[in-house]
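J.: sequence first, predicted model second:
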Amino acid sequence: MTPATIERHLQGELTIGLYAINPRTQRSKWIVIDADYAHALNDLIKLQWELKQDGIQAALEKSRRGGHLWIFGATPLLARDCRIYVHNLAARLKMAVKGARLPEGIEVFPRHDALNPGEFGNAIRGPLGTHQADKKRYWFYGADYSLESQIRYLKRLRKLSEDQLSSLVAGMTIPEQFHEPAPAPNPRRGSRGCNEFRILDHIQVQRKSGRNYWTRCPSCALHGHDRSGDNLAIAVDDPRKYRCWAGCTKEMIREALGHPIRRSFVA
Ligand SMILES: [Zn+2]
């Protein structure tokens, strides 16, 4: 990437897509939290505030259906640490992360802890780029809508240092509720038809938000937790996908409902 390419990006002649991770170092110069669902901006503003409490200045950029929250590194940061930090932040705010288990939620860039040789990971539109479909530029909220003011604003932001990130993630891992589910279950299980466990037969849904239902987690309730009654998220279009924001496992939830997962099918 050359200064001339960046110039063309800023002029709107082309739009740069940025890959987060340098595969040689497994580091990224930035973190983006991307959200594009109905109340995405509310969530991004909550995250921006929560980041501020941790001493991190994040810049909120509009996007077609929501926004991108940018955190810039003082030096390239380990992708794994970036992801551990943002996932723990999401857990603190009980915010859904889009993935195999839930169809709607924030997306975290870098999308991988590390890349294998030859992989690029996922790209995101470079800041201040125009959307090539409608030639529209999406500005940062923090400054006047001119390139000069926007760049001045971005240069003023405090950058996240490696020391600061290391101390924020010390002793942390990605919380269990964000782990991807095990590979496809044994098909014989699904063919049991009417015997299949349906969580919605066992709990009362409190509210629906976007594509998730939210309700009290039965396992948390058993331990006297989840007084706000919204730790459990269930995917509306596939209620087999559900997870507890306090980290209860599927086994614990099934146990609490009196329908423990039968182990006889474990391969
Ligand atoms: Zn729970």
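T.: Alright, I've got the coordinates. Numbers count the residues shown, from 1 in each chain.
J.: phi, psi for D237 please.
T.: Backbone torsions of D237, given as degrees, to the nearest 10, read phi -80, psi -10.
J.: mind listing what it touches?
T.: D237 makes contact with 103, 211, according to Cβ atoms under 8 Å, 6 or more residues apart in numbering. C-beta: built from backbone N, CA, C; applies to glycine.
J.: ok, the closest residue to the ion within the stretch 51-200 of the chain - contacts?
T.: Proximity of the stretch 51-200 of the chain to the ion (Cβ to the ion) peaks at Q177, 8.7 Å away. Counting by Cβ under 8 Å, 6+ apart, Q177 touches 91, 243-248.
J.: name the nearest residue to it, sequence neighbours excluded.
T.: Of all residues not flanking Q177 in the chain, R243 sits nearest, at 4.5 Å (Cβ to Cβ, 6 or more residues apart in numbering).
J.: how many neighbours does that neighbour have?
T.: With neighbours defined by other Cβ atoms under 10 Å, the count for R243 comes to 28.
J.: pretty sure it is touching A233, no?
T.: Yes. With contact defined as Cβ atoms under 8 Å, R243 reaches A233; the gap is 6.0 Å.
J.: and the residue nearest to Q177, how far is that from E176?
T.: Applying Cβ to Cβ, to the nearest Å, the value for R243 to E176 is 9 Å.
J.: one more: S63?
T.: 30 Å.
J.: in whatever helix or strand I45 lives in, what's buried?
T.: Per DSSP states H and E, I45 falls inside helix 40-53. Within helix 40-53, the residues that count as buried by 16 or more other Cβ atoms under 10 Å are 40-41, 43-44, 47-48, 50-51.
J.: mind checking pLDDT for R189?
T.: The per-residue pLDDT reported for R189 equals 46.
J.: if you could redo that for I56, that was the one I meant.
T.: In this model, I56 is scored at 98, pLDDT.
J.: can you list the residues of the protein near the ion?
T.: Residues of the chain found near the ion (Cβ under 5 Å from the ion) are 217, 219-220, 231, 244, 246, 248.
J.: got a list of contacts for stretch 32-48?
T.: 20, 58, 60, 63-71, 86, 89-90, 93, 95, 104-109, 124, 209-211.
J.: repeat that for stretch 10-19.
T.: So stretch 10-19 is contacted by 1, 5-6, 8-9, 30, 120-126, 128-132, 135, 137, 147 (Cβ under 8 Å, 6+ apart).
J.: just the buried ones from those?
T.: Using 16+ other Cβ under 10 Å as the burial test, the contacts of stretch 10-19 include 9, 30, 121, 124-126, 128-130, 137 as buried.
J.: so R111 belongs to a strand, correct?
T.: No. Assigned with DSSP: H, G, I helix; E, B strand; the rest coil, R111 falls outside any strand and is coil.
J.: burial of it, as a residue count?
T.: For R111, the count of nearby residues is 19 (other Cβ under 10 Å).
J.: pLDDT wise, what is it at?
T.: 92.
J.: likewise the one 4 residues further on?
T.: According to the model's per-residue confidence, L115 sits at a pLDDT of 90.
J.: ok, it touching P23?
T.: Yes. L115 lies in contact with P23 (Cβ under 8 Å); the separation is 4.4 Å.
J.: show me what counts as buried in the helix or strand harbouring Y153.
T.: In the assignment (DSSP H and E), Y153 maps to helix 147-156. Within helix 147-156, the residues scored as buried using 16+ other Cβ under 10 Å are 150, 153-154.
J.: for that helix, which outside residues touch it?
T.: 10, 59, 72, 127-128, 139-140, 142-144.
J.: ok, 6 Å please
T.: With contact meaning Cβ atoms under 6 Å, 6 or more residues apart in numbering, helix 147-156 is reached by 140, 142-143.
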